[in-house]
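**Student:** Provided below for reference: sequence and predicted model.
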Amino acid sequence: MHKLDAIGSKSVARRKFGFTKRLLDKLPLPANSQRAYFYDSLTRGLALAGSPAGKKVFVLYRKVAGRPERITIGPYPDLTIEQARGRAAELNGAIARGENPARDKRSVRDENTLAELFDKYLEDHLKPKRKQWASTKALFDLHLKNWRLRKISEIRRTDVIGLHTRIGTNSGKHTANRVVELLRALFNRAIAWEWNGLNPAAKVEAFPERERERFLQPDELPAFWKALHAEENETARDYILMSLLTGARRSNVQSMNWNEINFQAATWRIPEIKSKSGEAMTITLSAPALAILHTRKASSDSQFVFPGVGKSGHLIEPKSAWKRIIDRAGISDLRIHDLRRTLGSWQA
């Protein structure tokens, strides 16, 4: 009987064996955050990818025209081993005929529905680059659900303008603009994936938006500082202080990781996958910010600066603590996000 090695091993040879249901069912989960791949010794290129969350997916891993390609076949056990081998054989046959199944799968066609385009956009583009993809999916599900089955080739600019107007009336101008931005991004990505149509959202004029201008006023600061320092939840208190001192986005501060902090250089590097712009950012840390980090590091046993008890492992916006602080300070209509503008007002 072939003995499977530990997931941490990099030996491909030890991860190659004849797939059976018994062996696949007992595969251990990866010890790190990366997928683990196991290869079938009976079918060329067939592999099973196992995620840390326990999801298992059949894929075909082959070089096509000199380039490595990974083609998703389907989830296990929804697909049996025999079905996966049959599909892998079909794909191998197409490759032998000079075709590129991966390229064909990446391309977008006129008959694709908007839902199919969005699912591809979500899995192939958004999730690998953005951690905050759930809000985009919620926006699509709420405001574009009636367009899910529409073929992308049938969506016209006049349709988008009408949708923009209706959402602006019913849900607000800000939401309407975000929906059109999402449609524009979807069709731009479809074009990048070799779709030959025009972007119907390309020149739809956005509603004017008035930016929120609320920030801590000078006469509010003494009461705010007193209330903040009186907060008993140290993690929430330090998170709010760090938000104020760095001016960074809430999601970035909440998921701040120790490996992003350079104490010697006094910098915090936010990687591109966490950045809203998709580009890495480096924030210079002030002496008070460094003092908070040094104190927290001394007693930390987590990868996160502000650990939490939820699934993410880090702090999620501490609404209860924030309400206690502003109530204690006697301040109204102030949000945690307003702390970014507060720093900007100090720097102006």
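**Tutor:** The structure has been received and is ready for your questions. Only a predicted model underlies this, so the values are computations on that prediction, with no experimental measurement involved.
**Student:** With adjacent residues omitted, what lies nearest to I73?
**Tutor:** Closest residue to I73 apart from its sequence neighbours, by CB to CB, 6 or more residues apart in numbering: F58 at 4.1 Å. Quick note: C-beta positions are derived from backbone N, CA and C, even for glycine.
**Student:** should've said D238
**Tutor:** Nearest non-adjacent residue to D238, counting by CB to CB, 6+ apart: I292, 5.3 Å away.
**Student:** N199 now?
**Tutor:** Leaving aside its sequence neighbours, N199 sits nearest to F187 (CB to CB, 6+ apart; 4.0 Å).
**Student:** hmm, who's touching the host helix or strand of that neighbour?
**Tutor:** Secondary structure from DSSP states H and E places F187 in helix 173-192. Helix 173-192 is contacted by residues 108, 112, 114, 117-118, 121, 125, 136, 139-140, 143-144, 152, 160, 163-165, 167-168, 195, 197, 199-202, 204, 206-209 when judged by CB atoms under 8 Å, 6 or more residues apart in numbering.
**Student:** Then stretch 119-136?
**Tutor:** With CB under 8 Å, 6+ apart, stretch 119-136 has contacts from 106, 108, 137, 182, 185-186, 189, 193, 251, 255, 272-274, 276, 278.
**Student:** Closest to P222 out of these?
**Tutor:** Set against P222, the nearest of these by CB to CB is S251 (29.4 Å).
**Student:** can you give me the strands for this structure?
**Tutor:** Counting by DSSP state E, the chain has these strands, from start to end: 16-17, 36-40, 46-50, 56-64, 67-76, 261-262, 267-270, 281-284.
**Student:** Packed most tightly, which of those would that be?
**Tutor:** For the strands of the chain, average neighbour numbers computed from mean count of other CB atoms under 10 Å are highest in strand 46-50, which has a mean of 22.
**Student:** now it: mean pLDDT?
**Tutor:** For strand 46-50, mean pLDDT is 91.
**Student:** what pairs with that strand, and is each one parallel or antiparallel?
**Tutor:** Paired with strand 46-50 in the same sheet, following DSSP bridges, are strand 36-40 (antiparallel), strand 56-64 (antiparallel).
**Student:** quick one, helices of the stretch 101-250 of the chain?
**Tutor:** 101-106, 114-121, 127-129, 134-143, 157-170, 173-192, 221-229, 234-246, 250-254 (DSSP state H, counting those that start in this stretch).
**Student:** Out of the ones you listed, flag the one nearest T284.
**Tutor:** Of all the helices of the stretch 101-250 of the chain, it is helix 234-246 that lies closest to T284, at 9.0 Å by CB to CB.
**Student:** packing partners for that closest one?
**Tutor:** When contacts are defined as 3 or more CB pairs under 8 Å, 6 or more residues apart in numbering; DSSP states H and E, helix 234-246 packs onto helix 221-229, helix 250-254, helix 287-298, helix 319-329, helix 338-347.
**Student:** possible to save those helices as TSV with mean neighbour count?
**Tutor:** As requested, those are exported to TSV (neighbours: other CB atoms under 10 Å):
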stretch	mean neighbour count
helix 221-229	15
helix 250-254	21
helix 287-298	14
helix 319-329	16
helix 338-347	16
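**Student:** Mean pLDDT and distance to R178 added to those, as CSV?
**Tutor:** Output for the helices and strands packed on helix 234-246, formatted as CSV (pLDDT from 0 to 100; distance: least, CB to CB, whole Å):
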stretch, mean pLDDT, distance to R178
helix 221-229, 89, 31
helix 250-254, 89, 16
helix 287-298, 95, 32
helix 319-329, 91, 23
helix 338-347, 57, 19
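**Student:** Of the strands of the chain, which is nearest N92?
**Tutor:** Set against N92 and scored by CB to CB, those come closest in strand 56-64, at 7.3 Å.
**Student:** Break this protein down into its domains, please.
**Tutor:** The chain breaks down by automatic domain parsing into domains covering 13-103, 114-192, 218-257+293-347.
**Student:** possible to save those as TSV with distance to A287?
**Tutor:** Below are the domains of the chain laid out as TSV (distance: least, CB to CB, whole Å):
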stretch	distance to A287
domain 13-103	33
domain 114-192	29
domain 218-257+293-347	10
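**Student:** circling back: mean pLDDT for the strands of the chain: which is lowest?
**Tutor:** Ranked by mean pLDDT, those end with strand 67-76 at the bottom, a mean of 85.
**Student:** That one: how far from the chain's middle?
**Tutor:** 21 Å (CA atoms, centre = their mean, to the nearest Å).
**Student:** Begin at 820 from now on, thanks
**Tutor:** Okay, using 820 as the starting number, the last item reads as strand 886-895.
**Student:** tell me the angle it makes with strand 855-859.
**Tutor:** 90 degrees (axes from the mean of the first three to the mean of the last three CA atoms, to 10 degrees).
**Student:** Show residues contacting strand 886-895.
**Tutor:** Applying CB under 8 Å, 6+ apart, the contact partners of strand 886-895 are 843, 865, 867, 874-882, 898, 902-903, 906-907, 910, 919-921, 924.
**Student:** Just the CA atoms of it, as PDB, please.
**Tutor:** Presented in PDB, the C-alpha positions along strand 886-895 are these (Å, rounded to 0.1, in the frame of the first residue of the first chain):
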ATOM      1  CA  ARG A 886       3.000  27.000 -21.200                       C
ATOM      2  CA  PRO A 887       1.800  25.300 -18.000                       C
ATOM      3  CA  GLU A 888      -2.000  25.300 -17.900                       C
ATOM      4  CA  ARG A 889      -4.300  24.300 -15.000                       C
ATOM      5  CA  ILE A 890      -7.900  23.400 -16.200                       C
ATOM      6  CA  THR A 891     -10.600  22.900 -13.600                       C
ATOM      7  CA  ILE A 892     -12.600  19.700 -14.200                       C
ATOM      8  CA  GLY A 893     -15.000  19.700 -11.200                       C
ATOM      9  CA  PRO A 894     -15.400  19.200  -7.500                       C
ATOM     10  CA  TYR A 895     -14.900  15.900  -5.700                       C
END
